[in-house]
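K.L.:
Sharing a model prediction with you, sequence too.
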Amino acid sequence: MSVSSLRRFRAAVAAAAVLTAALGVGTSAAHADTAPTAPTQTRFQEPRDLLRALDFDALAADGWTVTDEEEETDSAEATEVVELVAETTPAPPAVTPEELTRIVPGIPAEKVEQFIAPLNEAMARSGIDNPVRQAAFIAQLAVESDSFRTFEEYASGRAYEGRADLGNTHPGDGERYKGRGAIQITGRHNYEKVSEHIGVDFVAHPELLAAPENAFTTAAWYWTSRNLNEVADTAGIVRVSELVNGGHHALGRRIDDFKRGLDVLLQP
């Protein structure tokens, strides 16, 4: 006999809720209404391998089984559980203006308040929700945008002329579709793809990609389109940098910014 995947899900959710409450996961002195009685947690602290303690094979051996009627009941209950979890799961901590300044010391002071909200919104929508992912994302943006000083490549873009790998097959595409946005999206092909995703015609109006309201949204699109959350979690910052830049340009700076980001975001 075996335990249904639904029962596994329900038990896992219940166990996670109990263990999370017991350990005070996700709390910090900075965000709590009252002083914590347990040791102060960092901004991010996730249970590791806690659900492996649930031995479902042993439960099955003890006689757990599921009838068709139970499956139908469980299906409705599971929907309620998913909705409840979605409603009660707190959003990941946003990066504060002070933290962004410490991660990217070169960011112009007047840009911090202007960019902090769209940066956090882009990360929240794209699952950039732990310190490794956030530090990696901000490190790439910091290098690509010259510490958030520009959302348009300084070079003319002529070097990209005729680059079929970038989709630059029309005369003038190199300059027209040079790097823009917080992550310097480059080439006609990428402009076409991001236009489809965002719903703004960046192909006809490439300059719009450099507007602050679009710069972070398009950077997050590029990030998720390359599955860089998983790359950051598993392969590391060097591989992330290769997939963003196509090489090792300013790799030392990207690594330094990443390390600084971790130092800042992991502090209590």
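P.N.:
Received it, and whenever you're ready, just let me know what you need.
K.L.:
Which residue comes closest to Ala135 once chain neighbours are left out?
P.N.:
Leaving aside its chain neighbours, Ala135 sits nearest to Gly261 (2.9 Å; criterion: C-beta to C-beta, 6 or more residues apart in numbering). Quick note: C-beta positions are derived from backbone N, CA and C, even for glycine.
K.L.:
Using the record's assignment, carve this structure into domains.
P.N.:
Segmentation of the chain into domains, based on automatic domain parsing, reads 5-88, 97-265.
K.L.:
mean confidence for the first one?
P.N.:
So the one you mean is domain 5-88. In this model, domain 5-88 carries a mean pLDDT of 44.
K.L.:
try stretch 253-261
P.N.:
Averaged over stretch 253-261, pLDDT sits at 97.
K.L.:
Outside of that stretch itself, list whatever touches it.
P.N.:
102-104, 131, 134-136, 138-140, 142-143, 237-238, 241, 245 (C-beta atoms under 8 Å, 6 or more residues apart in numbering).
K.L.:
Can I get it in CSV, CA atoms only?
P.N.:
Output of stretch 253-261 as CSV, limited to C-alpha atoms (Å, rounded to 0.1, in the frame of the first residue of the first chain):
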residue,chain,number,x,y,z
ARG,A,253,33.5,43.2,-9.4
ARG,A,254,30.4,40.9,-9.8
ILE,A,255,31.8,38.5,-7.2
ASP,A,256,32.7,41.3,-4.8
ASP,A,257,29.3,42.8,-5.1
PHE,A,258,27.7,39.4,-4.6
LYS,A,259,29.7,38.8,-1.4
ARG,A,260,28.9,42.2,-0.1
GLY,A,261,25.2,41.6,-0.8
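K.L.:
Any buried residues in it, and which?
P.N.:
Buried residues in stretch 253-261, defined by neighbour count with 16 or more other C-beta atoms under 10 Å: Arg254, Asp257, Phe258, Arg260, Gly261.
K.L.:
So which of those residues belong to helices?
P.N.:
Among these, DSSP state H puts Arg254, Asp257, Phe258, Arg260, Gly261 in helices.
K.L.:
low-scoring stretches of the stretch 51-200 of the chain, by residue?
P.N.:
51-92 (pLDDT under 70).
K.L.:
Kindly confirm my reading that Ala232 forms part of a helix.
P.N.:
Yes. Secondary structure assignment (DSSP: H, G, I helix; E, B strand; the rest coil) places Ala232 inside a helix.
K.L.:
show me the contacts for Gly162.
P.N.:
With contact set as C-beta under 8 Å, 6+ apart, Gly162 has these partners: Asn168, Thr169, Gly174.
K.L.:
For PyMOL, what selects the buried ones among those?
P.N.:
The PyMOL selection below is limited to those of the contacts of Gly162 classed as buried (16+ other C-beta under 10 Å):
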select buried, resi 168+174
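K.L.:
Is it possible to get CSV of the contacts of Gly162 that adds distance to Arg180?
P.N.:
Formatted as CSV, these follow (distance: C-beta to C-beta, whole Å):
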residue, distance to Arg180
Asn168, 14
Thr169, 19
Gly174, 13
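K.L.:
Just the closest of the contacts of Gly162 to Tyr160, please.
P.N.:
Lowest distance from Tyr160 to these (C-beta to C-beta) belongs to Gly174, with 3.8 Å.
K.L.:
ok, that closest one to Gly187 distance?
P.N.:
The gap separating Gly174 from Gly187 is 9 Å, by C-beta to C-beta, to the nearest Å.
K.L.:
can you check Ser145 too?
P.N.:
In this structure, Ser145 lies at 18 Å from Gly187, with C-beta to C-beta as the measure.
K.L.:
and if you look at Ala211?
P.N.:
When Ala211 is compared with Gly187 (using C-beta to C-beta), they lie 19 Å apart.
K.L.:
neighbour count winner among the two?
P.N.:
Under the neighbour definition other C-beta atoms under 10 Å, Ala211 and Gly187 were set side by side, and Gly187 has more, 22 against 14.
K.L.:
Can you name the residues that contact that one?
P.N.:
Shown here is Gly187, whose contacts under the criterion C-beta under 8 Å, 6+ apart are Tyr160, Arg163, Asp165, Leu166, Gly167, Asn168, Asp173, Tyr177.
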